[in-house]
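Undergrad: how would this look folded up:
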Amino acid sequence: MAGSPHLDLSEYLPYLVNRVGAGFVAGYERELAQHGVTIAMWRVLAGLSTGDKHRQIDVAEITSIDVSTISRLITRLVNLGLVTRTRSDTNNREVNVELSPKGRTLVNRLIPRAR
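TA: Model prediction:
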């Protein structure tokens, strides 16, 4: 139909960004799986890579992962020994998380590949 709206995906930035992201995930998932880590868990580890303690709620914001999901992911990472979780010294309702030494070693090995 003449004059019908159309969308050329080869020039549509959101589609192209998605393709790049999907290609990265497909290749990186295999490497992460060797360490028992999923893409979502990797996002948490990468978010914690600054070396500082982060409030669990801030990790959710940094990674764009829902708060209820972030809690489960962090629990899995704690169980793998990659992250530590402690109560805040200043607010008993807040939970702080940071990379464990084992988590730091893994992140240091994986970041060059991610880049």
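Undergrad: in the one helix or strand T75 maps to, what counts as buried?
TA: Element membership for T75, per DSSP states H and E: helix 67-79. Under the neighbour-count criterion of 16 or more other C-beta atoms under 10 Å, helix 67-79 has I70, S71, L73, I74, R76, L77 buried. Any C-beta I mention is one placed from the backbone N, CA and C, and that applies to glycine too.
Undergrad: same for it, what does it pack against?
TA: In terms of contacts (3 or more C-beta pairs under 8 Å, 6 or more residues apart in numbering; DSSP states H and E), helix 67-79 is packed against helix 39-47, helix 56-63, strand 83-87.
Undergrad: now do the buried residues in the longest helix along the chain.
TA: Criterion DSSP state H: the longest helix present in the chain is helix 13-33. Buried residues in helix 13-33, counted by 16+ other C-beta under 10 Å: Y28, L32.
Undergrad: equivalent analysis for stretch 29-49, please.
TA: For stretch 29-49, the neighbour count (16+ other C-beta under 10 Å) marks L32, V37, M41, W42, R43, V44, L45, G47, L48, S49 as buried.
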